[in-house]
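*Asks:* Sequence first, then the predicted structure:
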Amino acid sequence: MHTMVVIEIKSSREIEQLKKSNAIVAEIFEKLKKTVASGVTTRELDRIAEEMILKRGAIPAFKGYRNYPATLCVSINEEVVHGIPGPRRLKEGDIVSIDVGVNLNGYFGDAAITLPVGEIDQKAKRLMEVTEKALQIGIEMARVGNRLYDISHAIQKWVESNGFSVVRDFVGHGIGKSLHEEPQIPNFGSAGQGPRLEKGMVFALEPMVNEGTHEVKILSDGWTVVTADGKRSAHFEHTIAITDGKAEILSML
């Protein structure tokens with residue numbers, strides 16, 4: 001039996017609250033874009049983000065979530081997601097994916113960005129561009145009347161047509177008064193499948209794209225996900241609300 005996934009519809013008042021949490025996320029990225037540089041430790045990025053969140057009267061959403069120890073996930077090069085901040089220093093030529101979640105008054109914000117450290121090579125640039133564009137393509141498909149996997153299919157088709165692969169073991173998700181709500185939103189799948197999209201649905205779309213194989217493994221710390229072949233990975237995420245027209249990106253200033 002196929003159980004029906006219940007996707008919560010948010011009121012315009014709730015979407016306003018979600019916008020406030022996501023605005024903090026967007027501010028953090030503006031700050032980190034200026035901070036990411038060769039020699040900076042991942043722990044330093046984490047400290048800056050945590051201070052900004054607390055100063056705005058919010059709580060880091062990831063810290064303590066299933067015992068996760070930090071505010072940010074910071075994943076470098078072949079690390080896909082869930083890299084734990086620590087003493088590691090960024091170096092010239094790295095690409096660094098940063099994911100942050102915020103809980104403001106019980107409403108959650110969540111987004112991710114991949115940034116270059118100094119000068120990066122052409123392939124890394126292309127990987128980042130294709131991944132960011134995959135997110136935009138997914139957002140364009142997030143319209144009333146489309147089906148959920150229209151988003152998934154469009155992302156997969158774009159990424160694979162550019163010679164990269166989408167991670168299959170981790171997915172986007174609904175978001176609201178919990179960090180992770182129904183539905184799960186894979187970055188691959190068949191068009192025309194899944195629940196119909198309705199106004200008031202709020203999703204965190206997050207393509208994770210690998211240079212080589214889509215296969216990943218988890219390191220012994222129980223968190224850090226790396227590509228199985230050691231090639232690089234990029235990650236972009238926005239929280240969006242489905243409206244009458246184009247989806248509204250909540251995690252943008």
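*Replies:* Structure's in. What do you need? Not measured: the values here are computed from a predicted model.
*Asks:* can I get the CA coordinates of stretch 6-21 in PDB?
*Replies:* C-alpha atoms of stretch 6-21 as PDB (Å, rounded to 0.1, in the frame of the first residue of the first chain):
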ATOM      1  CA  VAL A   6       0.600  14.700   4.100                       C
ATOM      2  CA  ILE A   7       2.200  18.000   3.200                       C
ATOM      3  CA  GLU A   8       1.300  20.800   5.500                       C
ATOM      4  CA  ILE A   9      -0.100  24.000   4.000                       C
ATOM      5  CA  LYS A  10       1.300  27.200   5.600                       C
ATOM      6  CA  SER A  11      -0.800  30.300   6.200                       C
ATOM      7  CA  SER A  12       0.500  33.600   4.900                       C
ATOM      8  CA  ARG A  13       1.200  34.500   8.600                       C
ATOM      9  CA  GLU A  14       3.300  31.400   9.000                       C
ATOM     10  CA  ILE A  15       5.200  32.200   5.800                       C
ATOM     11  CA  GLU A  16       6.000  35.600   7.100                       C
ATOM     12  CA  GLN A  17       7.500  34.000  10.200                       C
ATOM     13  CA  LEU A  18       9.500  31.500   8.000                       C
ATOM     14  CA  LYS A  19      10.800  34.500   6.000                       C
ATOM     15  CA  LYS A  20      12.200  36.000   9.200                       C
ATOM     16  CA  SER A  21      14.100  32.900  10.200                       C
END
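*Asks:* buried set for that stretch?
*Replies:* Buried residues in stretch 6-21, counted by 16 or more other C-beta atoms under 10 Å: 7, 10, 14, 15, 17, 18, 19, 20, 21. (Glycine included, C-beta is placed from N, CA and C.)
*Asks:* of all those residues, which two lie farthest apart?
*Replies:* The span of these, defined through C-beta to C-beta, is set by 7 and 20 at 21.9 Å.
*Asks:* which stretches of the stretch 1-150 of the chain form helices?
*Replies:* Counting by DSSP state H, counting those that start in this stretch, one finds helices in the stretch 1-150 of the chain at the ranges 12-35, 42-55, 122-141, 148-161.
*Asks:* which one of the ones you listed lies closest to residue 251?
*Replies:* Nearest of the helices of the stretch 1-150 of the chain (C-beta to C-beta): helix 12-35, 4.0 Å.
*Asks:* Give me the helices and strands touching that closest one, please.
*Replies:* helix 42-55, strand 95-104, strand 107-116, strand 238-241 (3 or more C-beta pairs under 8 Å, 6 or more residues apart in numbering; DSSP states H and E).
*Asks:* Residue 140 is nearest to which of those?
*Replies:* strand 238-241 (10.5 Å).
*Asks:* coming back round to it: the helices of the stretch 1-150 of the chain: which one's closest to residue 80?
*Replies:* helix 122-141 (11.2 Å).
*Asks:* Need the contact partners of the closest one.
*Replies:* Contacting residues not belonging to helix 122-141 are listed as 93, 95, 114, 116, 150-152, 154-155, 158-159, 162, 164, 166, 172, 187, 205-209, 211, 232-238, 240, 246-247, 249 [C-beta atoms under 8 Å, 6 or more residues apart in numbering].
*Asks:* Format the helices and strands packed on helix 12-35 as JSON lines; extra columns: mean pLDDT and mean neighbour count.
*Replies:* Shown next, in JSON lines, are those (pLDDT from 0 to 100; neighbours: other C-beta atoms under 10 Å):
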{"stretch": "helix 42-55", "mean pLDDT": "98", "mean neighbour count": "19"}
{"stretch": "strand 95-104", "mean pLDDT": "98", "mean neighbour count": "26"}
{"stretch": "strand 107-116", "mean pLDDT": "98", "mean neighbour count": "24"}
{"stretch": "strand 238-241", "mean pLDDT": "98", "mean neighbour count": "27"}
